[in-house]
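[1] What follows is a predicted structure for the sequence shown.
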Amino acid sequence: MPLPKVLVTNFNKNFTGVSATAAAVIAVQKNLLDIHLVGEPLPNCPVPISRKKATLISSEVDKYTGFTIWHVRRNEEMRTAIWVRDVLKKPIKIVFTSAAQRRHSAYPRWLISKMDLLIATSKEAANFIDNVHSVVPHGVSTDNFFPVLDRTQAWKNLKYGGSFGVACVGRIRPEKGTDLFVQSMLNILPKNPNMVALIIGKVENKHKRFKEKLVNKISNANLSDRIIFTGEIKADFMPKVMSAISLLITLPRYEGYGMTPLESLASGTPFVATKTGYFEEFSSYGKYGSVVALGDVDGASDAIISWLSKNNKLGDFSKSARQYILNNYSIEKEVNGIIEAYKSLLNNKE
């Protein structure tokens with residue numbers, strides 16, 4: 001029996017980690033399913049339709065299955081889907097993906113309890129919600145993220161200066177540990193005159209003062225030309241960055257899952273991270289990256305120095321890391337897991 005239409009919601013205008021994971025999945029699903037994106041546009045995805053149009057599509061009873069699937073990932077999206085199903089009485093089934101590795105507050109728990117099918121991105125995330133149907137880890141597009149033959153030239157092409165670089169990627173805010181990254185760079189850069197550090201991500205108004213303090217701290221250390229705030233980088237340019245840097249550094253105080261290490265490994269680049277999200281598993285317990293305790297700047301600095309000392313051996317590392325991703329965290333594996341979860345709805349139409 002064929003699968004019904006699938007409507008995937010994206011109501012956040014900002015391109016977040018959730019947006020990135022949804023975009024990667026939809027880019028593959030569009031060739032396999034009758035799928036529509038609802039809300040805000042995402043790269044390499046179908047042109048989005050409005051919520052009104054999605055509701056009209058949901059009014060059409062699928063002749064094979066009798067329902068349409070709504071795949072949601074955020075509170076607002078759950079709320080809208082519940083309204084369409086329970087108030088407007090449209091024949092839909094709601095699928096929710098959860099990555100959070102902490103207990104949801106009361107309102108999200110209520111929303112989650114109304115879902116028809118729950119997917120968790122890790123066993124840890126599954127521990128925080130009831131009635132999980134499937135555990136499907138996020139995957140990375142190995143067509144978009146891949147190693148380059150000449151990392152030195154790739155870095156030069158980015159035109160940030162220096163002979164090699166490292167980066168942290170994510171919103172500039174305390175939860176993402178931007179200040180921990182800056183402090184580690186203040187420890188390391190003076191002893192590495194050819195190294196440049198990138199801080200990639202946008203800052204919201206409520207965190208502008210946080211960023212200003214970091215800018216001042218960097219300026220006082222005379223490193224403003226070597227610790228560079230790039231702003232948000234377009235999704236289609238990120239693969240070039242990931243394959244050009246020598247090390248990804250991600251030191252959040254909390255992370256539900258964390259995609260950037262997978263993108264770096266697919267690009268042949270190791271990472272240093274804090275013990276949150278799924279980072280320890282991604283590292284294969286130290287083989288492809290280092291994981292340090294939350295807030296441990298000294299430990300992070302030591303790990304960064306250790307990986308940078310192996311900079312001339314990244315060619316061999318790249319081959320091994322990419323194969324590891326292909327075997328364990330490809331986007332195709334994620335898409336197949338999600339489709340299998342969709343199929344289970346066919347056995348429970350009531």
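    Great, that's in hand.
[2] Not counting its own residues, what contacts stretch 288-299?
    180, 183-184, 187, 251, 253, 261, 265, 270-276, 279-280, 282-283, 300, 303, 306-307, 317, 320-321, 324 (C-beta atoms under 8 Å, 6 or more residues apart in numbering). Every C-beta, even on glycine, is put in place using the N, C-alpha and C of the backbone.
[3] try 7 Å this time
    When contacts are defined by C-beta atoms under 7 Å, 6 or more residues apart in numbering, stretch 288-299 is touched by residues 180, 183-184, 253, 261, 265, 270-276, 279-280, 282-283, 300, 303, 307, 321, 324.
[4] Then stretch 170-188?
    168, 197, 199, 201-203, 207, 210-211, 214, 217-218, 221, 223, 227, 249-254, 274, 295, 297, 300-301, 304-305.
[5] that older thread, give me the buried entries from the contacts of stretch 288-299.
    Neighbour counting over the contacts of stretch 288-299 (16 or more other C-beta atoms under 10 Å) leaves 180, 183-184, 261, 265, 270-274, 276, 279-280, 282-283, 300, 303, 307, 321, 324 as the buried ones.
[6] Show only the entries of those found in strands.
    Among these, the members found in strands (DSSP state E) are F271, V272, A273, T274.
[7] Name the nearest of the residues you listed relative to G17.
    A273 (14.1 Å; C-beta to C-beta).
[8] Next, find the distance separating the residue lying closest to that closest one once chain neighbours are set aside from I339.
    Closest residue to A273 in three dimensions, ignoring its sequence neighbours and counting by C-beta to C-beta, 6 or more residues apart in numbering: F279, at 4.0 Å. To I339, F279 is 27 Å away according to C-beta to C-beta, to the nearest Å.
[9] just G162 next, same as before
    Using C-beta to C-beta, G162 is found at 44 Å from I339.
[10] And the two? Which one has more around it.
    The residue with more neighbours, out of G162 and I339, is G162; 19 against 16, by other C-beta atoms under 10 Å.
[11] which residues touch the residue nearest to that one when sequence neighbours are not counted?
    Counting by C-beta to C-beta, 6+ apart, V196 is the residue found nearest to G162 once chain neighbours are left out, at 3.7 Å. V196 is in contact with Y160, G161, G162, G165, R226, I228, counting by C-beta under 7 Å, 6+ apart.
[12] Am I right that the fourth one is in a helix?
    No: the assignment for G165, made by DSSP: H, G, I helix; E, B strand; the rest coil, is strand rather than a helix.
[13] And the pLDDT for it?
    pLDDT, G165: 98.
[14] What of the third one?
    For G162, the pLDDT comes out at 97.
[15] give the contact list for it.
    Going by C-beta under 7 Å, 6+ apart, the list of residues near G162 reads N194, M195, V196, R226.
[16] if we go to 10 Å?
    Taking C-beta atoms under 10 Å, 6 or more residues apart in numbering, we find G162 in contact with W155, K156, L189, N192, P193, N194, M195, V196, A197, D225, R226, I228.
[17] how deep is K159 tucked in, by neighbour count?
    6.
[18] And A120, by the same measure?
    Neighbours of A120 using other C-beta under 10 Å come to 24.
[19] ok, what's across the strand from it?
    S98, V135 (DSSP bridges).
[20] thinking S59 is in contact with L88, fair?
    Yes: under the criterion of C-beta atoms under 10 Å, S59 makes contact with L88 at 8.4 Å.
[21] can you list the ones in strands among the buried ones among the contacts of stretch 288-299 in TSV and add pLDDT and distance to N44?
    Compiled in TSV, these are given as follows (pLDDT from 0 to 100; distance: C-beta to C-beta, whole Å):
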residue	pLDDT	distance to N44
F271	98	24
V272	98	29
A273	98	27
T274	97	30
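[22] Find the pair from the residues you listed with maximum spatial separation.
    F271 and T274 (10.9 Å).
[23] Now do the shared contacts for these two.
    I249, T250, G258, V291.
[24] L251 versus the residue nearest to the second one when sequence neighbours are not counted, what's the distance?
    Meaning T250. Nearest residue to T250, sequence neighbours excluded (C-beta to C-beta, 6+ apart): A273, at 4.7 Å. Separation of A273 from L251 (C-beta to C-beta): 7 Å.
[25] list residues touching both of the two?
    C168, G177, F279, V292, A300.
[26] quick one: which two of the residues you listed are the most distant?
    Farthest pair in these, by C-beta to C-beta: C168 and V292, 14.0 Å.
[27] Pick out whichever of those two has more residues nearby.
    C168 (26 against 21).
[28] Provide the backbone phi and psi angles at the residue located most distally from the centre of the chain.
    No residue in the chain sits farther from the centre than K63, which is 35.9 Å out by C-alpha atoms, centre = their mean. K63 adopts backbone torsions of phi -70, psi -20, taken as degrees, to the nearest 10.
[29] Mind jotting down where the strands sit in this protein?
    6-10, 35-39, 68-72, 92-98, 117-120, 134-135, 164-169, 195-200, 227-231, 247-250, 271-274, 289-292.
[30] domain ranges for the chain?
    Structural domains assigned to the chain are 6-139+330-345, 151-328, following automatic domain parsing.
[31] Nearest approach to F145 belongs to which of the ones you listed?
    domain 151-328 (3.9 Å).
[32] so who does A54 touch?
    Residues in contact with A54, defined by C-beta under 10 Å, 6+ apart, are 5, 7-9, 36-39, 48, 68, 70, 80-81, 84, 90, 92.
[33] Which pLDDT value belongs to it?
    A54 is given a pLDDT of 97.
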